[in-house]
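Peer 1: my questions are about this predicted structure, shown below with the sequence.
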Amino acid sequence: MSASEPSELLAARRRKLESLRTAGVDPFPHEFDGVEPVAAVRTAHTGLGAGEETAYSHRVAGRLAARRGQGKMAFLDLVDRSGRIQLQARADVLGPEAMEQLLALDLGDLIGVEGVALCTRRGELTLRVQRFTLLAKSLRPPPSGHYGLADVETRFRHRELDLIANQDARALFVTRAKAISAVRRFLDAEGFIEVETPILQPLYGGAAARPFTTHHNALGRDLYLRIATELYLKRLIVGGLERVYELGKDFRNEGLSPKHNPEFTMLEYYEAYADYLDVADRFERLVAFVAAEVGYAGPADFSPPWRRETLAEAIRARTGVDIRSLRERDALAAEMRSRGLSASEGDTWAQLVDELLSKHVEPTLIEPTLVLDYPVELSPFAKRHRSESGLAERFEAFAGGIELANAFSELNDPDEQRRRFEQARAHAAAGDVEAQPYDEAFIEALEHGMPPTGGIGIGIDRLVMVLTGMRSIREVVLFPAMRE
């Protein structure tokens with residue numbers, strides 16, 4: 001292909017646009033009502049045999065994806081969100097002028113069609129075009145299937161091209177929408193109410209992460225994009241709402257990876273009078289419900305109960321390191337190095353444990369698994385374990401080698417929470433940029449009394465990854481963050 005051909009293609013489409021306007025055709029009309037999804041048309045004629053014709057007329061709309069034949073009869077493919085259908089254009093039905101106009105359209109043009117259903121001798125459901133309307137003239141050629149499927153950079157930077165070229169991409173994001181809808185139906189049926197808390201926050205909290213900072217001109221103050229909804233949702237538990245959930249965007253100023261996007265979708269829900277084991281049971285039922293609702297047919301079995309093991313057992317089984325007996329930072333680091341494992345000099349004891357988990361345990365957890373009972377040092381908002389010293393009542397859920405969820409028996413003792421904030425403040429002073437800031441407003445809320453509460457955060461993007469078999473979060477986010 002010569003360097004001049006792309007500009008020539010664009011110029012040719014521009015000339016067609018002007019010709020249409022000169023001929024009195026509006027290339028961008030206002031509407032085309034009564035449209036049926038292609039999938040619904042196909043369903044209506046499931047039993048139609050080869051060579052059969054009907055008297056049923058349908059109105060469909062979509063993008064021209066292929067054209068075969070010329071002269072007195074031609075076939076075209078029309079694609080909408082739900083699928084593809086063949087169109088039959090005949091000069092004796094449309095008339096010579098309309099036939100010529102239809103065949104002069106470019107691939108990628110959007111059209112509306114009214115046609116009668118039939119089945120060709122080859123068994124292909126087809127609409128015989130009776131009338132058509134140009135709905136939007138495409139001034140750029142559509143991506144080929146290879147272009148849309150293989151050029152990863154273009155797929156993510158220009159998702160619209162990926163969706164045009166790739167039926168699987170369209171289906172994936174329909175699945176994502178179904179999963180989110182199923183989450184809401186499940187929680188609504190379980191007596192939870194959906195709420196909205198601030199995205200712009202005067203103080204970020206609820207997770208160990210660096211925030212994005214912005215400035216509010218009218219207030220004359222810096223604000224933060226939230227890194228979690230946890231602390232606001234627990235204040236609603238204090239207020240008596242008892243079962244609440246929020247499904248929305250969180251933002252963390254961290255690196256990019258197959259599992260991390262700085263803007264991501266998180267579900268958090270909290271219920272009064274429950275502990276982390278109650279939350280685990282409900283979580284397992286939720287994921288099984290969502291998997292069934294989206295038609296998951298992959299290798300994982302999400303049926304409750306999931307496999308369970310403690311964090312200490314999981315680390316020892318995979319690395320030989322016993323974190324319960326190595327409670328000092330230097331002792332743990334020395335043991336890790338003696339076993340050929342990396343142990344960064346600047347990491348705290350808690351960060352070393354987290355590295356053992358993320359590098360040596362998480363990738364092995366392919367089967368749906370709950371890992372329970374984390375050290376208190378890793379769990380600033382979780383209640384201390386009722387029977388195991390030094391541990392917190394916390395679990396994380398894994399499947400497909402990635403973390404899906406994080407849950408606690410929530411800490412509701414304001415004095416203990418204040419001590420944990422003070423510890424985090426000391427870590428921040430020592431250089432931990434992800435340390436939880438001190439939140440006095442949250443402490444004051446706890447001092448009004450929060451009932452025993454269980455809570456969980458579930459990464460929706462990661463859940464969709466597991467349900468669709470994707471290995472990168474960028475595949476399941478419509479417009480992921482990209483480097484320049």
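Peer 2: Done, it's in. Numbering: from 1, shown residues only.

Peer 1: pLDDT averaged over the lengthiest strand in the chain - what is it?
Peer 2: Ranked by residue count under DSSP state E, the longest strand found in the chain is strand 53-68. For strand 53-68, the per-residue pLDDT values average out at 97.

Peer 1: so who does Leu241 touch?
Peer 2: 193, 195 (C-beta atoms under 8 Å, 6 or more residues apart in numbering). The C-beta positions use only the backbone N, C-alpha and C, and glycine is treated the same way.

Peer 1: go again using 10 Å as the cut-off
Peer 2: 192-193, 195, 233, 235, 270, 272 (C-beta atoms under 10 Å, 6 or more residues apart in numbering).

Peer 1: check Gln86 too.
Peer 2: Per C-beta under 10 Å, 6+ apart, neighbours of Gln86: 66, 68, 75-78, 118, 120, 122, 124-127.

Peer 1: now it, what are its backbone angles?
Peer 2: Main-chain dihedrals, Gln86, degrees, to the nearest 10: phi -90, psi 140.

Peer 1: report the separation between it and Gly123.
Peer 2: Between Gln86 and Gly123 the computed distance is 11 Å (C-beta to C-beta, to the nearest Å).

Peer 1: same check, this time on Gln101
Peer 2: In terms of C-beta to C-beta, Gln101 sits 30 Å off from Gly123.

Peer 1: who's more crowded, those two?
Peer 2: Using other C-beta atoms under 10 Å as the criterion, Gln101 and Gly123 rank with Gln101 on top: 16 against 11.

Peer 1: name the helix or strand for the more buried one, please.
Peer 2: Here Gln101 sits within helix 96-103, counting by DSSP states H and E.

Peer 1: for that helix, what does the pLDDT average out to?
Peer 2: In the prediction, helix 96-103 has an average pLDDT of 95.

Peer 1: and if you look at stretch 281-301?
Peer 2: Here the average pLDDT along stretch 281-301 is 97.

Peer 1: quick check: domain ranges of this structure?
Peer 2: Listed by automatic domain parsing, the domain ranges of the chain are 5-142, 167-306+368-475.

Peer 1: could you say which of those domains is packed most deeply?
Peer 2: domain 167-306+368-475 (a mean of 18; mean count of other C-beta atoms under 10 Å).

Peer 1: helices of the stretch 201-350 of the chain, start to end?
Peer 2: 230-238, 276-293, 311-319, 329-338, 349-356 (DSSP state H, counting those that start in this stretch).

Peer 1: TSV for those, including distance to Leu478?
Peer 2: Listed next are the helices of the stretch 201-350 of the chain as TSV, based on distance: least, C-beta to C-beta, whole Å:
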stretch	distance to Leu478
helix 230-238	26
helix 276-293	19
helix 311-319	34
helix 329-338	40
helix 349-356	30
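
Peer 1: relative to Gly457, which of those helices is closest?
Peer 2: Among the helices of the stretch 201-350 of the chain, the nearest to Gly457 by C-beta to C-beta is helix 230-238 (7.0 Å).

Peer 1: for the closest one, name the packing helices and strands.
Peer 2: With contacts defined as 3 or more C-beta pairs under 10 Å, 6 or more residues apart in numbering; DSSP states H and E, the packing partners of helix 230-238 are strand 243-251, strand 263-272, helix 440-447, strand 453-459.
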